[in-house]
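Enquirer: Next one to model:
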Amino acid sequence: MRTTGRDSTSGLRLRLRVSAAIFALGLAAALGRAVYLQFGMGERLMQEARNQYQRDLPLAPRRGAIVDAVGTPLAVSLETDSLFVDPRTARKPPENPRDKPPVDAAGLDALAQALSLEPELVSSRFAGDVGFAWLKRRMSPEESAAVSRLGLKGLGTKTEFKRFYPQQRLASHLLGSVGIDNEGLEGLEQQLDDLLRGEQRVMSGIRDVRGRMLLSEEAAQARQPAGAGVQLTVHAGLQLAAEKALAAAVEQYRPLGAMVIVMEPETGAILALANQPDFDPNQPGGPVSQRRNLAVVNQYEPGSTMKCFLMAAGLSERLITPETVFDIGGGAMQIGKRRIRDSHPPRQSNVTTTQILATSSNVGCARVGLKLGADRLIRWYRDFGFGERTGLGIAGEARGSLQRPASMKEIGTATTSFGQGVAASPLQLVTALSAIANGGKLMKPYLVARVTAEDGTVLQEAKPTIVRQVLTPEVARQTTRMMQAVVEPGGTGTSAAVPGYSVAGKTGTAQKADPVTHGYGDKRYGSFMGFVPADKPRFAIYVALDEPHGQVYGGVIAAPVFQKVAAAALQLYSVPPDRPVVTAAAAAPVKSAAPEQERDTRFDEGYVAEEGELSEDGSEPSLTVPDLRGLSARAVRRLLGERSLEAALEGSGRVVGQDPSAGALVPPGSRVQVRLGGE
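Expert: Next up is the predicted model:
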């Protein structure tokens, strides 16, 4: 049967229609897919494409520098190379003869040796299935050169910044330290971290077929951002002098800790702040005790340094004048079951308040404190800033503590008058001292003079801040004159005298509370504070040694440190003398109360005895010092403890000497210096 032409034409048309429909559907699908890829997947696909050839590199900001008051660098940031590895690339076989071979065991050992790392650690980094792993952050130049010479596959470097302290240990407790990721960990590095770190930026680059970065000219010339710079009030020269003087005292007396603070009374600016033990911030780690800023975060019972604030309070309340006479009863005072005594009572019973302060009479100060009363005494201490933080801006600053007047009995008021039952930080004490030196104005202490952006814009600038007017200028002058008697012949602080300059000061040798017995043990805290020149003060200085050995008295161990630091400050700041300079040949020997205290007393700052320790006439009974020669340290402690005497041991082995000597009569609780030597 033949098909007709009409049937043939119809079939052709049908096939064309089907083809057209299929084509239209395909075109629609393609258009739909295109629309979907363009609008639904466009952003994702574009990002994936960029990831094939483009890589964003974060630019670690350069940490801002810290400099001293005259621009001496204390903390800077240096460029270093940090090494990383792409483990998959390092293990990849070469695709052509020019490619590097995979890293083998010998290469890993050589790399570990070049980086001073354990071979197991390096091997573990290369064994990972990731595209990036750090090998060593912030390599030394020598390490970087050694790695480059190895020419191993899969290694890369990234420029980072390493914190460097060019003055090493200088002002270490103030500066603090920085962690591996450029974050401040301690001190000002931590307190000012947000300003010093700066903002992180991102730089884009193009990778070639082998994964190598190709930076645009603009990107290659881009500067890495920098944090703000910080200028301190501290003077590096004075800081160095303070640290040297303190280190010499530490070597001689071997205390548990020691500290010096120098403040400018008129402004509250901290010019130097030193602690022992110290540390090198370039060497991370080490004992926590070495990194503790004792002058700011620790608090102590200050002892007799509080007496000048007591006298200022009595003068302000018009209860005393510098010439007011008190009967101190031969240096002993009975309050209920307790007795307060002076370690070096004056020959006469009737003494002026100026003499009381100069000779550090506990009985005299107790009588002034009882005249003030607990309410007014504590209120004046609070006005001087005790019991509250100064606001210096260092983490962990101690608040100190004061008793509640309502809970203070008569004996509590008396002992608080000479610095027992009060806790204060060295920073609080030098700040309060500066109020006397500054005409009665209590200033807020500060360390940061200004903060400056990279372009020179001043972001912050400190200005002196008056917290309150504590004393009238007249009372401040009267208190100053009384404190000058402490450093003059007959006072307890003659070792603090600076030739050619007037000095006002106060010694302190506080008993330390025993945390076990909750009473006072045999540990001491010796201190001296003062300002110079006394007539126009430029520097207020506080010095303290915690638990010294051998000598314990503030007038003996701390006053000479004050003298050295004060002399250095006066010379460094070109302060002219305000007194005639007496030559060494013309100077007569000066009798000080401190050596007398050292010979025949248990405590510089006073002793509060229990009733059971007193004889029938109210005086301390005498005890005979036993012969200790040839005994061991343990036997010495036991024997002296049985006789209510204290042992101060030096050396090791058996006793070769003692002071007082065997047979001497001493009061209960007296300290016996024992020298150990031969076995």
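Enquirer: Quick one: the strands in the stretch 451-600 of the chain, in order.
Expert: 458-461, 466-469, 504-513, 520-532, 539-546 (DSSP state E, counting those that start in this stretch).
Enquirer: burial measure for P577, as a count.
Expert: 13 (other C-beta atoms under 10 Å). Just so you know, the C-beta spots here come from the backbone N, C-alpha and C atoms, and that holds for glycine as well.
Enquirer: V552: which of the strands of the stretch 451-600 of the chain is closest?
Expert: Smallest distance to V552 across those (C-beta to C-beta): 3.9 Å, for strand 520-532.
Enquirer: partner strands of that closest one, parallel or antiparallel?
Expert: Using DSSP bridges, strand 520-532 pairs in its sheet with strand 504-513 (antiparallel), strand 539-546 (antiparallel).
Enquirer: Show me how far the first one is from its chain's centre.
Expert: The reference is to strand 504-513. Chain-centre distance of strand 504-513: 22 Å, with C-alpha atoms, centre = their mean, to the nearest Å.
Enquirer: cool, and stretch 278-292?
Expert: The answer for stretch 278-292 is 11 Å, by C-alpha atoms, centre = their mean.
Enquirer: repeat for stretch 250-264
Expert: Counting by C-alpha atoms, centre = their mean, stretch 250-264 comes out at 13 Å from the chain centroid.
Enquirer: repeat for stretch 389-403
Expert: 13 Å.
Enquirer: try stretch 412-419
Expert: 30 Å.
Enquirer: So which bits of that stretch are buried?
Expert: Within stretch 412-419, the residues scored as buried using 16 or more other C-beta atoms under 10 Å are 412-419.
Enquirer: Give the full set of residues in contact with R149.
Expert: Not one residue lies near R149 by C-beta atoms under 8 Å, 6 or more residues apart in numbering.
Enquirer: what do you get if the cut-off is 10 Å, keeping everything else the same?
Expert: By C-beta atoms under 10 Å, 6 or more residues apart in numbering, R149 lies in contact with 110, 114.
Enquirer: Could you report the distance from it to A245?
Expert: Distance, R149 to A245, by C-beta to C-beta, to the nearest Å: 48 Å.
Enquirer: now do V85
Expert: Distance from V85 to A245, by C-beta to C-beta: 50 Å.
Enquirer: What of P255?
Expert: Relative to A245, and taking C-beta to C-beta, P255 is found at 14 Å.
Enquirer: again with R98
Expert: Applying C-beta to C-beta to R98 and A245 gives a distance of 66 Å.
Enquirer: More neighbours: these two, which one.
Expert: Comparing R98 with A245 by other C-beta under 10 Å, the one with more neighbours is A245, at 22 against 6.
Enquirer: The more buried one falls within a strand, correct?
Expert: No: A245 is assigned helix when assessed by DSSP: H, G, I helix; E, B strand; the rest coil, not a strand.
Enquirer: Now it: closest residue in space that isn't a chain neighbour?
Expert: Once flanking residues are discounted, A245 sits nearest to K564: 4.0 Å by C-beta to C-beta, 6 or more residues apart in numbering.
Enquirer: who's in contact with that neighbour?
Expert: Counting by C-beta under 10 Å, 6+ apart, K564 has contacts 241-242, 244-246, 248-249, 260, 496, 498, 543.
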